[in-house]
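A.B. asks: Fold the following, please.
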Amino acid sequence: MATNDTINVNVKSWQEPYKTLLKARNHYWMVDEPVEIGGKDSAPKPSEFLLGALGACISITIEMYCARKGWTLEQVEVQLSMDRSASETKIKKKLLFKGNLDEDQRKRLMQIAQACPIHKILTNPIVMETIED
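C.D. replies: Residues are numbered from 1 along each chain as shown. Alright, predicted model coming up:
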């Protein structure tokens, strides 16, 4: 990701409580909340998309690295879980590599996972600014 990369997403409430429409470039997707908190569970909840973005970014970064190095990688699987408390959020990652990789290559890929852009965003300070209309 470039240093001054600007990404825009537009979010609008939808026809049902908590159901939300998101748009980025020419892509649309929905977010919802589970039934137990008033949603319809018709789509993943926002935190699941957050973990999904992290996992996808890790997978893509590893695939790109292997392609550049000419390493035989058949598949990457990233398993993620998140626990939140009042004082911290803990994300656990498990990476599984399928392919003809030796132990040193696997260790290197574990390091490369830390270099994905979403990982960097989540582990660096974030400044949020609300702009009123």
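
A.B. asks: rest of the way, CA atoms for contacts and neighbours
C.D. replies: Noted.

A.B. asks: What strand or helix carries the residue nearest the centre of the chain?
C.D. replies: For the chain, Ala53 is the residue whose C-alpha lies nearest the centre (CA atoms, centre = their mean; 1.7 Å). Counting by DSSP states H and E, the element that carries Ala53 is helix 46-69.

A.B. asks: Can you report phi and psi for the closest residue to Thr20 other than its chain neighbours?
C.D. replies: Residue nearest to Thr20 in three dimensions, not counting chain neighbours: Ser13, with 4.5 Å by CA to CA, 6 or more residues apart in numbering. For Ser13, the backbone dihedrals (degrees, to the nearest 10) come out as phi -60, psi 150.

A.B. asks: how close does Ser13 sit to Ala115?
C.D. replies: 34 Å (CA to CA, to the nearest Å).

A.B. asks: Check the secondary structure at the nearest residue to the residue nearest to the centre of the chain once chain neighbours are set aside for me.
C.D. replies: Using CA to CA, 6+ apart and skipping residues adjacent in sequence, the residue nearest Ala53 is Ile118, 7.2 Å away. When classified by DSSP: H, G, I helix; E, B strand; the rest coil, Ile118 comes out as helix.

A.B. asks: next one: Leu96
C.D. replies: Leu96 - assigned by three-state DSSP - is strand.

A.B. asks: my guess is it contacts Glu77, does it?
C.D. replies: Yes. Contact between Leu96 and Glu77 holds when scored by CA atoms under 8 Å: they sit 5.0 Å apart.
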